[in-house]
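Participant: Generate coordinates for the sequence data below:
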Amino acid sequence: MSSASLVTPGVVVGLDIGGTATNATVLDGFGRFLVDDLCETPSCVLDGPPAALDALRHAFESVLAQTGCRRPRSSRSASTPLDRPAPTA
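Facilitator: Presented below is the predicted three-dimensional model:
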C-alpha cells in the first residue's frame, strides 16, 4: 500500500454570501457534493459586520451538520476568497 493511499481527503465548504441569504454546500476531497441542495440561511449583511459574521458561522455549521461532518478542532483553509455584495442604490 502506497503512502498516497493512506491520505484521507477532507471536505470543502462553499459559502456564497448574498444580500439576503447565504448559500452553503459541502464537497468531499474528490469533488463530490455531500448535500443534494444548497443550504440557505439568512445572511444578515444589512445588520452590520458582527451579525453578518455570526450568520456566516451559522451557515458553515448548519451545512456541516446537514452532511454529518464534524467541524475540526483546527482547520486549514486552502483558499478563502471573500467578496462583498454590490451596494444598492
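
Participant: Now do the contacts for residue 64.
Facilitator: With contacts defined as Cβ atoms under 8 Å, 6 or more residues apart in numbering, residue 64 is in contact with 11, 13, 26, 70, 71. C-beta: built from backbone N, CA, C; applies to glycine.

Participant: Surely it is in a helix?
Facilitator: Yes - counting by DSSP: H, G, I helix; E, B strand; the rest coil, residue 64 is part of a helix.

Participant: measure it to residue 26 for me?
Facilitator: Separation of residue 64 from residue 26 (Cβ to Cβ, to the nearest Å) stands at 7 Å.

Participant: joint contacts of these two?
Facilitator: Listed contacts common to residue 64 and residue 26 are 11, 13; contacts here mean Cβ under 8 Å, 6+ apart.

Participant: for this structure, what spans make up the strands?
Facilitator: With DSSP state E, the ranges of strands along the chain come out as 11-17, 21-28, 39-42.

Participant: burial measure for residue 21, as a count.
Facilitator: Taking other Cβ atoms under 10 Å as the criterion, the count of residues near residue 21 is 17.

Participant: got a list of what the closest residue to it other than its chain neighbours touches?
Facilitator: Of all residues beyond its chain neighbours, the one nearest residue 21 is residue 40 (5.0 Å), with distances taken as Cβ to Cβ, 6 or more residues apart in numbering. Taking Cβ under 8 Å, 6+ apart as the contact definition, residue 40 lies against 21, 22, 23, 24.
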